[in-house]
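J.: Show me the folded form of this:
(one chain, ligands or ions: 1)
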Amino acid sequence: MNRDAQQQAGPVAASADLCGFINGAFVTPAEPYRLPVIDPATEQQVGSLLESDARQVDAAVRSARDAFESGVWSRQSTDRRQACMLRVRDLIMRDADALAASECTNTGIPLKQLRQLHIPGAAHHFQFYAEVASQLKGELHQQRSGYQLQVSREPVGVAALISPWNGPVNMSCAKIAAALAFGNSCVLKPSEYTPLAFVRLMEILREAGVPDGVVNMVNGRGAVTGAALASHADIDLVSFTGGSVSGPLVNAAAARNLKRTTMELGGKSANIILESADLERALDGALAGIFMTNGQQCLAGSRILVQRSIAPAFIERFVERTRAIRIGNPFDPRTELGPMAYRAHMERVLAYAEIARAEGATLLFGGQRASQMAEGWYVEPTVVHASSNDLRICQEEVFGPLATFLEFDTLDDAIAIANASDFGLVAYLWTNDLSAVTKATRTLRAGTIWVNTTLVGDPRAPFGGVKQSGSGREGGIGSVEFYTELKSVVIPNGPAPVQRIGLG
Ligand code: NAD
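T.: Here you go, the predicted model:
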């Protein structure tokens, strides 16, 4: 769908007011603080976000709590919940063009990537978690003579779900689907930069028959709306995906009320390329690993570590391919790299090119605003060669299309460099040497390791990081554990003896 078609058929008019969604209805605050919602490819305002204040956050949490206590979803049969979630999946796919177009307008992520990966991924979360919930089982222990012990999993209650701007619908749907599957209610807080597609998503949930109050949404800045949600006493958990600055604040706010959290935070992931690799595939993987989603990916392979023997040729070819990346309107199906999501972020990415220069790294390509684009927050794909892993450009998350190369001699060196980081989200390894695979996968400190592949998301895989990349896991068993509460029930097989006191 092209931009004109989207504007005719899109879910929200160009000047739309975007607000919260509470108890099945869109709710406008009385005296709203307004934030512009901007298309990063045109720098034009496409809507206004009416910020949810603390009172609205409280209303959203109460709505979720009331729905939870009513049992309308939390005690609904798994079959019915599953059927409803499969309807959500179908409706997301029915509206995939419109969702992708809204998301494209607001994030600048190429439409093709949204239509082929993000939106089908969002739909699939509902199918996947519906299936997981249908297989949920408890335990029966009979080892203790005369008793049986049942261990079951129950919904936790009200889930606060806080999501970022670099894959808004997809990442939020992973959280909503996992929360709903086990009977929880939730309050979603999307990023204030990218609220556009959520109007349609809330409408889809309502149309699919998710009962009012089970999914609520508040919109606004992190320090206002997000903080009010994370510190609310009546939520039961916080699932947070965002940066390593705000993550600890959210974690501390939730901890004050003893709420469990998952923290999916930033990364500076190493992409290790050994001379024994299939170098053609490694090159493709290294390019995708840093430049997909406009380079704005937590799991980017942003530190590319190449064995010295192959480094000159590999880096030359990487630069050649980078030079050929098609920058353009994200609605154009040929576009491979769109704009940065917002102006301050573009400035931050450009500043890192300067930082790299200033600290003595070699800028091999890019580092400027893309001059071929008359408007929009476009940054050239950028390649830097660093002499030391200690440089800021190797240690700090840029979160943009900026690849940093480092060279190493042996696998041990590569592992040491990879692990010399405050982050530990993912690591990539390219080699056909089995012993290198077994050694590296054992010793790399990261939540996920991709061997001879890149960006393979599997909802069965628990995802999360170590060190500053976060704590806790979502996905697969990680989500089962996070979104359910264990309950133990002890029942004697007969009239078991009970201690008797108070008989004088
Ligand atoms: P961010 O931390 O600024 O914001 C994320 C969300 O948290 C937003 O909804 C924001 O409004 C909210 N928020 C911010 N401060 C808050 C506070 N004090 N209390 C409550 N909520 C608050 O991050 P971002 O800029 O939106 O996203 C980029 C970051 O997210 C990057 O660091 C990236 O690596 C990370 N990320 C991690 C993963 C992962 O799975 N590990 C996935 C995507 C993005």
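J.: show me the contacts for the most centrally placed residue in the chain.
T.: Most central in the chain under C-alpha atoms, centre = their mean is residue 171, positioned 4.3 Å from the mean C-alpha point. Applying C-beta atoms under 8 Å, 6 or more residues apart in numbering, we find residue 171 in contact with 163, 164, 241. (C-beta placed from N, C-alpha, C; glycine too.)
J.: can we see that at 10 Å?
T.: Counting by C-beta atoms under 10 Å, 6 or more residues apart in numbering, residue 171 touches 118, 121-122, 125, 161, 163-165, 190-191, 239, 241, 264, 298, 474.
J.: I'd like the distance between it and residue 379.
T.: Residue 171 sits 22 Å away from residue 379, going by C-beta to C-beta, to the nearest Å.
J.: Contact partners for the closest residue in space to residue 157 that isn't next to it in sequence?
T.: Leaving out its chain neighbours, the residue that sits closest to residue 157 by C-beta to C-beta, 6 or more residues apart in numbering is residue 236, at 3.5 Å. Residue 236 sits next to 64-65, 68, 155-160, 184-185, 254, 257-260, 483, 485 when contact means C-beta under 10 Å, 6+ apart.
J.: List only those of the residues you listed flagged as buried.
T.: 64-65, 68, 155-160, 184-185, 254, 259-260, 483, 485 (16 or more other C-beta atoms under 10 Å).
J.: Surely residue 271 and residue 303 touch.
T.: Yes - counting by C-beta atoms under 10 Å, residue 271 does reach residue 303; the two are 6.8 Å apart.
J.: which residues do the two both contact?
T.: Counting by C-beta under 10 Å, 6+ apart, the common neighbours of residue 271 and residue 303 are 290, 403, 405, 418, 427, 428.
J.: hang on, the earlier thing: and the ligand, which of the contacts of residue 171 reach it?
T.: With C-beta under 6 Å from any ligand atom as the criterion, these include 163, 164, 165, 191, 241, 264, 298 near the ligand.
J.: Which one (most neighbours) among those?
T.: Counting neighbours by other C-beta atoms under 10 Å, residue 264 comes out on top of those with 29 neighbours.
J.: Quick one, grab the pLDDT at that one.
T.: Looking at residue 264, its pLDDT stands at 98.
J.: Could I get the contacting residues of it?
T.: Residue 264 is in contact with 163-164, 171, 174-175, 239-242, 247, 298-299, 425, 447, 463-465, 469-475, counting by C-beta under 10 Å, 6+ apart.
J.: Can you pull the phi/psi pair for it?
T.: Note on residue 264: backbone dihedrals following degrees, to the nearest 10 are phi -100, psi 100.
J.: how about the residues of the protein near the ligand?
T.: So far as C-beta under 6 Å from any ligand atom goes, the chain lies against the ligand at 162-166, 189, 191-192, 221-223, 226-227, 230, 241-243, 246, 249-250, 264-267, 298, 397, 399, 425, 465, 470.
J.: Narrow the contacts of residue 264 to those in helices?
T.: With helices taken from DSSP state H, the overlap with the contacts of residue 264 comprises 171, 174, 175, 247.
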